[in-house]
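S.K.: Kindly return the folded structure for what I paste below:
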Amino acid sequence: MTFYDRAEELDALDTAFASPDHDFYVVYGRRRVGKTELLKEFCTDRPHIYFLAAQEAEDRQREKFVEKVADHFDDRVPRIDGWDQALEYLGEKLAAERIVVAIDEFPYLVEENDSLPSYLQSFVDEQLRETESMLVLCGSSVSTMESEVLGHESPLYGRRTGQIDVQPFSFRQSQAVIDYDIENAIRSFAVTGGTPMYLTLFDYDLPLEKNIRTQILSPTAVLYNEPEFLLRTELRNPARYMSILEAIATGHTTPNEISGATGIDSGPLSKYLLTLRRLRLIDREVPVTASAKQSKRSRYHVADEFLRFWFRFVEPNRSSIQEAPDVVYDGTIEPNLPAHVATTFEDVCRETVWEAIRRGHLESYSEVGRWWYGEDEIDIVGLAPDADRILFAECKWTSEPVGPALVSQLREKAERVRWGPDTREEEFALFSKRGFVDGLVDDVDGNWTLYGLSEMRALL
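M.R.: Coordinates of the predicted model:
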């Protein structure tokens with residue numbers, strides 16, 4: 001797979017390895033997010049040992065690891081009886097050469113021997129510290145990496161010199177892969193999200209519809225069952241979690257709505273929601289003007305665009321897809337795709353706001369999010385408490401240009417947002433897929449900024 005971006009992550013690893021001391025880095029993130037490609041890119045042109053763990057017996061895993069070490073140092077494979085001896089052998093070799101040792105899919109090793117973190121603790125404390133080499137532990141099981149490597153109760157706690165939580169690409173980053181014009185790039189991003197593997201599966205010489213039909217709606221396609229594999233990486237019994245994700249993806253966003261849609265009582269539901277949040281599969285959102293800890297006006301949304309698409313369109317229709325995928329696309333996906341993309345468009349607009357702030361096109365804001373109260377909702381609200389300044393913005397993924405009606409509506413809703421003093425400074429922005437009616441830019445005040453797709457493309 002072609003390597004894209006990750007400049008900040010590579011720079012962090014480069015800087016660490018260039019230091020004169022030892023380094024112990026932890027790299028983790030969801031499946032398919034590009035961790036392995038990042039490690040391989042980093043190891044290129046550096047002396048390294050790259051070991052990819054597998055789901056197999058501990059003895060065989062350990063044998064393969066020792067063989068990798070011996071092969072790198074052109075040494076005869078020694079007889080090793082345990083991980084403590086294997087790591088001691090590695091430490092002896094590192095004393096003579098400065099290299100990178102990368103262990104990928106580390107959770108598979110822990111599954112077979114939960115004492116391995118303790119052995120690694122001794123290795124780091126007694127041998128790695130005396131070298132200038134670098135150890136990198138990498139894993140796709142976020143829960144295992146956070147508990148067995150990063151957690152307070154892990155023997156390895158406090159030993160790492162750095163960590164990288166590898167995230168999916170933003171829309172801006174994804175454009176290096178998505179070879180469509182910006183409108184179709186946003187539509188495509190609403191389907192794949194920013195996961196590198198999903199992005200690269202699409203053929204951008206073909207229309208989006210064709211990619212959806214061949215890469216997702218075909219029972220033989222990789223993406224057809226991908227979310228199930230993802231959940232089974234983290235969860236032994238994913239059925240209830242899948243029902244919760246489907247409920248959220250289909251519009252049930254409050255705890256009461258999710259409980260009603262799934263039949264799961266509020267007590268157990270809160271634990272399931274917490275687990276899904278910890279795995280970065282859903283996000284909890286409160287109005288940007290409210291306290292995240294104290295507010296009871298919480299909403300949940302699926303944190304990944306592809307998962308949101310899959311649980312909205314694929315999971316509820318799998319029986320039909322097996323028999324007639326074209327009917328599912330024509331009758332269910334195509335007519336509802338604009339509404340699905342509209343949610344993604346709001347996220348892209350929020351990304352544009354942050355970029356406009358960085359470039360000085362908008363005033364500075366420390367928080368940017370959604371606001372709602374009762375029947376009122378504003379797509380984007382930015383807060384600058386130190387300056388008593390607030391930003392209001394609406395995002396329209398519609399087939400018609402935006403006119404003065406939206407300006408009036410946003411002004412009215414802004415008056416009902418209780419935040420800051422009466423003398424607060426207010427800034428407004430509108431985002432529109434189809435641009436704006438003639439003359440609107442001249443009719444609004446100087447504290448309004450209008451963004452069509454061309455303006456967004458210039459920023460992103």
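
S.K.: which element is residue 38 on?
M.R.: helix 35-43 (DSSP states H and E).

S.K.: Flag every buried residue along the helix or strand following that helix.
M.R.: Going down the chain from helix 35-43, the next helix or strand is strand 48-52, by DSSP H and E. By neighbour count on 16 or more other Cβ atoms under 10 Å, the buried set for strand 48-52 is 48, 49, 50, 51. Using the backbone N, CA and C atoms, a C-beta is placed for each residue, glycine as well.

S.K.: mind giving me CSV with these and columns for pLDDT and distance to residue 455?
M.R.: Formatted as CSV, the buried residues of strand 48-52 follow (pLDDT from 0 to 100; distance: Cβ to Cβ, whole Å):
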residue, pLDDT, distance to residue 455
48, 96, 45
49, 97, 49
50, 96, 44
51, 96, 48
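
S.K.: ok, these vs residue 105, which is closest?
M.R.: Nearest to residue 105, judged by Cβ to Cβ, of the buried residues of strand 48-52 is residue 51 at 9.2 Å.

S.K.: distance of that closest one from residue 248?
M.R.: Between residue 51 and residue 248 the computed distance is 38 Å (Cβ to Cβ, to the nearest Å).

S.K.: what does residue 13 give?
M.R.: Separation of residue 13 from residue 248 (Cβ to Cβ): 35 Å.

S.K.: How about residue 435?
M.R.: Per Cβ to Cβ, residue 435 is found 32 Å from residue 248.

S.K.: Ok, residue 381 next?
M.R.: Note on residue 381: its distance to residue 248, by Cβ to Cβ, is 22 Å.

S.K.: for residue 193, same thing?
M.R.: Residue 193 is 15 Å from residue 248, by Cβ to Cβ.

S.K.: who has more neighbours, the two?
M.R.: For residue 193 versus residue 248, the count of surrounding residues by other Cβ atoms under 10 Å is larger for residue 248: 29 against 23.

S.K.: Which positions in whichever strand or helix holds the more buried one come out as buried?
M.R.: Using DSSP H and E, residue 248 sits within helix 239-249. Buried residues in helix 239-249, counted by 16+ other Cβ under 10 Å: 241, 242, 243, 244, 245, 246, 247, 248, 249.

S.K.: you'd agree the third one is up against residue 262?
M.R.: Yes. Using Cβ atoms under 8 Å, residue 243 and residue 262 qualify as a contacting pair, with a distance of 4.8 Å.

S.K.: Strands of the protein, start to end?
M.R.: For the chain, applying DSSP state E gives strands covering 23-28, 48-52, 100-104, 134-139, 162-165, 282-285, 299-302, 367-373, 376-384, 389-396, 425-432, 448-451.

S.K.: For those strands, give me TSV that also has distance to residue 117.
M.R.: Shown next, in TSV, are the strands of the chain (distance: least, Cβ to Cβ, whole Å):
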stretch	distance to residue 117
strand 23-28	12
strand 48-52	16
strand 100-104	12
strand 134-139	9
strand 162-165	15
strand 282-285	28
strand 299-302	32
strand 367-373	37
strand 376-384	42
strand 389-396	46
strand 425-432	47
strand 448-451	49
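
S.K.: Return the most buried member of those.
M.R.: Compared across those, strand 134-139 shows the largest average neighbour count, a mean of 26 (mean count of other Cβ atoms under 10 Å).

S.K.: contacts for that one?
M.R.: For strand 134-139, the external contacting residues (Cβ atoms under 8 Å, 6 or more residues apart in numbering) are 13, 16-17, 22-28, 35-36, 39, 99-107, 120, 124, 128, 145, 149.

S.K.: Could you do stretch 52-72 as well?
M.R.: If you take Cβ under 8 Å, 6+ apart as the criterion, stretch 52-72 is touched by 36, 47, 49-51, 75-78, 80, 82-83, 86, 89-90, 93, 99, 103-109, 111-113.

S.K.: Next one: the most far-flung residue of the chain relative to its centre from residue 67, what distance?
M.R.: Of all residues in the chain, residue 76 has its C-alpha farthest from the mean position, at 43.0 Å, by Cα atoms, centre = their mean. From residue 76 over to residue 67 the distance is 11 Å, taken as Cβ to Cβ.
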